[in-house]
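Asks: Sequence plus predicted model, see below.
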2 protein chains.
Amino acid sequence: MYSSKVLELLIEELTKLPSIGQKSAQRLALYLLKLPKEEALRLAEAIRAVKERVGFCSICGNFGEQDPCLICRDPERDAGVICVVEQPGDVLALERTGHFKGRYHVLGGALSPLDGTNPEDLRIQPLLERLAPRAGRMPAERASAVAEHQGPADEVREIILATNPNVAGEATALYLTKLLRPLGVRVTRIARGVPMGSDLEYSDMVTLARALEGRREVE
Amino acid sequence: MYSSKVLELLIEELTKLPSIGQKSAQRLALYLLKLPKEEALRLAEAIRAVKERVGFCSICGNFGEQDPCLICRDPERDAGVICVVEQPGDVLALERTGHFKGRYHVLGGALSPLDGTNPEDLRIQPLLERLAPRAGRMPAERASAVAEHQGPADEVREIILATNPNVAGEATALYLTKLLRPLGVRVTRIARGVPMGSDLEYSDMVTLARALEGRREVE
C-alpha cells in the first residue's frame, strides 16, 4: 500500500523466473534498488543484448549468436556423430567435459504425455532431416545449410542419445531408438551407473541395477 | 568456448545477485533466452524503471518514488512513534501486519564490527536529527522537510527498536538504547518469544528463555 508501484512490478517480473518465489523476488528487487545505478543497468542491458543478439541454430537447435551456430560450422568437429540432448544446458555440461568432438542436436525437452509434451513438440523432425536431407522434406535453404556444414546425409554414422536418465528422458530415448534404428544408423545411449566419487552403500537401487547391467570387461 | 559471449555476460551479471550461484544463473539465463522477447524485455525494463524512478527517502531512509516518502508524508500516521528497523524489507513485513500506524526509520544494516559495520555506517545521525532537528545540526532544507512532515522534535514520544533478534540486531538495539534514553524519549524493544504456531518442545533455549523473561500478566 505504501510501497512503490514500479518496485512491485519488478518483484512481479522476478517472480515469473523459475525457482524464484515471492520472498526471493523481494530480496532481489531490494538488492537491485540498493545497487549503484550503472551496475543494475548492466543486468538490464545484458538481458536486452541476449534477446537481441542470441538466437537458436536452425540445424542443432542450440543457442548461438550466428545461424548455423559455431559448433555446426566447425569443420574440426565430426559431423558423423550427433549427440541428442534435451536442453541447451546439456550441451554446456557435455562441452565442459571436453570429451566429445561431434555435433549436437537439442530436442527442446523430453516426451512426457502427462505434461502435454508429445513427439511433435520436440525437434525430432529436424533430427530426421539431418539424417536424410532430401529435397522436398526440408526447405531448400535449410537443406543446403545442413549439407554445407554437415556433408551428405549418409555421413552420419552414430546417434548418441544423451537425454536425462529419468522417466521422461528414458522414454524419449526409447522412442528415438525405434525411430532411428530402421534408418540404418548406429544408435547408442550414454552409460547409466554409479556416479564417480559416490558411495555404493548410499546408491539407489535403480542406479545400482543399471550399473550391474551395464558392466564391462576390465581392459 | 562455443558458447555465446553475450549469454556468458548475462550469466556473470546474474551470478552477482544474492543467493544466485553459477548453476542458478545459467538456468535463469537459458530461461530468459527461451522466453518470448517482449516478456524478457519487460524484466529489463522493470529494472531500469526502478533505478530511474525509485530512490530513498531523506527522512526515514526507506525507498519510495517521492522524497519524503508516502509514509513520512502521511498526516494520518503518528509522527510521535518511530519504529527503527534494519532494512526496507522489514518495513514491508511490518506494514503487512497492519498493526503499526507510526513512522519508520531504516538504519541500513546492523552493528557488526567484525563485518566492518560501525555506527557511522548506519543512519543513526539522521535518527538523532529527527529527535532534535535544530538548525546547524542538519541542512536547513532537511530540517524544514522533517519539521513539515513530522512536526517539532519534542513530538516524538517513543522509539520502537525493531532490529533483528540476532547478535548484530541485539547489539544495535543496545547501542541505540544507550544513545537515545538520555534524550528523554521512551525507548522500547519488540517482544522476543516463542513464535505463533510453533511447538515449545522444538523451540531453542535462547528463545524459550526470552519468552519466560518477557512474560506478562494475563489480562
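Replies: It's in. Numbers count the residues shown, from 1 in each chain, chains lettered A, B, ... in the order given.

Asks: Can you check the pLDDT for the residue nearest the centre of chain A?
Replies: Taking C-alpha atoms, centre = their mean, the centroid of chain A lies closest to residue A:87, which sits 1.9 Å from it. Residue A:87 carries a pLDDT value of 93.

Asks: what about stretch A:66-83 and chain B, touching?
Replies: Yes. Counting by C-beta under 8 Å from any C-beta of the partner chain, contacts between stretch A:66-83 and chain B involve A:69-71, A:74. For glycine as for every other residue, the C-beta is placed from the backbone atoms N, C-alpha and C.

Asks: Sort out which of these are buried, if you could.
Replies: For the residues of stretch A:66-83 next to chain B, a neighbour count by 16 or more other C-beta atoms under 10 Å in any protein chain shown gives the buried set as A:69-71.

Asks: Show me what the longest strand along chain A is packed up against.
Replies: Identified as the longest strand of chain A according to DSSP state E is strand A:78-85. If contacts are counted by 3 or more C-beta pairs under 8 Å, 6 or more residues apart in numbering or on different chains; DSSP states H and E, strand A:78-85 sits against helix A:88-97, strand A:102-106, helix A:124-131, strand A:158-161.

Asks: Buried residues, the last one. List them.
Replies: With burial defined by 16+ other C-beta under 10 Å, the residues of strand A:158-161 counted as buried are A:159-161.

Asks: can I get these in a markdown table with distance to chain B and pLDDT?
Replies: As requested, those are exported to a markdown table (distance: C-beta to the nearest C-beta, whole Å; pLDDT from 0 to 100):
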| residue | distance to chain B | pLDDT |
| --- | --- | --- |
| A:159 | 20 | 95 |
| A:160 | 17 | 95 |
| A:161 | 21 | 95 |
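
Asks: Any figure for the gap between residue A:16 and residue B:179?
Replies: Residue A:16 sits 44 Å away from residue B:179, taking C-beta to C-beta, to the nearest Å as the criterion.

Asks: now residue A:31: how far from chain B?
Replies: Per C-beta to the nearest C-beta, to the nearest Å, residue A:31 is found 5 Å from chain B.

Asks: what about that residue, how many residues close to it?
Replies: Residue A:31 has 15 neighbouring residues, counting by other C-beta atoms under 10 Å in any protein chain shown.

Asks: can I assume it is in contact with residue B:18?
Replies: Yes. Assessed by C-beta atoms under 8 Å, residue A:31 is found in contact with residue B:18 at 5.4 Å.

Asks: on that earlier part again, tell me the contacts of the residue nearest to the centre of chain A?
Replies: Applying C-beta atoms under 8 Å, 6 or more residues apart in numbering or on different chains to residue A:87 gives the contacts A:106, A:108-109, B:30.

Asks: go on, residue A:191?
Replies: Contact partners of residue A:191, counting by C-beta under 8 Å, 6+ apart, are residue A:214.

Asks: where does chain A have low pLDDT?
Replies: A:1-2, A:133-143, A:146-147, A:150-154 (pLDDT under 70).

Asks: ok, which stretches of it are strands?
Replies: With DSSP E, the ranges of strands along chain A come out as A:55-56, A:63-64, A:78-85, A:102-106, A:158-161, A:186-189.

Asks: still on that earlier bit, measure the residue nearest to the centre of chain A to residue A:161 for me?
Replies: As judged by C-beta to C-beta, residue A:87 and residue A:161 stand 14 Å apart.

Asks: The residues of stretch A:66-83 next to chain B in helices, which ones?
Replies: When helices are assigned by DSSP state H, the members of these inside them are A:70-71.

Asks: now the residues of stretch A:66-83 next to chain B as CSV including distance to residue B:217?
Replies: Shown next, in CSV, are the residues of stretch A:66-83 next to chain B (distance: C-beta to C-beta, whole Å):
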residue, distance to residue B:217
A:69, 73
A:70, 75
A:71, 75
A:74, 79
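
Asks: farthest pair in the residues of stretch A:66-83 next to chain B?
Replies: The largest separation in those, counting by C-beta to C-beta, is between A:69 and A:74 at 9.1 Å.

Asks: Tabulate the buried residues of strand A:158-161 (a markdown table), appending distance to residue B:171.
Replies: Formatted as a markdown table, the buried residues of strand A:158-161 follow (distance: C-beta to C-beta, whole Å):
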| residue | distance to residue B:171 |
| --- | --- |
| A:159 | 63 |
| A:160 | 59 |
| A:161 | 59 |
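
Asks: longest helix of chain A?
Replies: Identified as the longest helix of chain A according to DSSP H is helix A:37-53.

Asks: Next, the angle from that one to helix B:37-53.
Replies: Per axes from the mean of the first three to the mean of the last three C-alpha atoms, to 10 degrees, the angle that helix A:37-53 makes with helix B:37-53 is 170 degrees.

Asks: Can you tell me how far residue A:176 is from residue B:17?
Replies: Residue A:176 is 38 Å from residue B:17, by C-beta to C-beta.

Asks: between the two, who's got more neighbours?
Replies: Counting neighbours by other C-beta under 10 Å for residue A:176 and for residue B:17 shows that residue A:176 has the greater number, 24 against 20.

Asks: tell me the contacts of the closest residue to that one other than its chain neighbours?
Replies: Ranked by C-beta to C-beta, 6 or more residues apart in numbering or on different chains and with sequence neighbours excluded, the top spatial neighbour of residue A:176 is residue A:161, at 5.9 Å. By C-beta under 8 Å, 6+ apart, the residues touching residue A:161 are A:84, A:172-173, A:176-177, A:187-190.

Asks: Many thanks, I have nothing further to ask.
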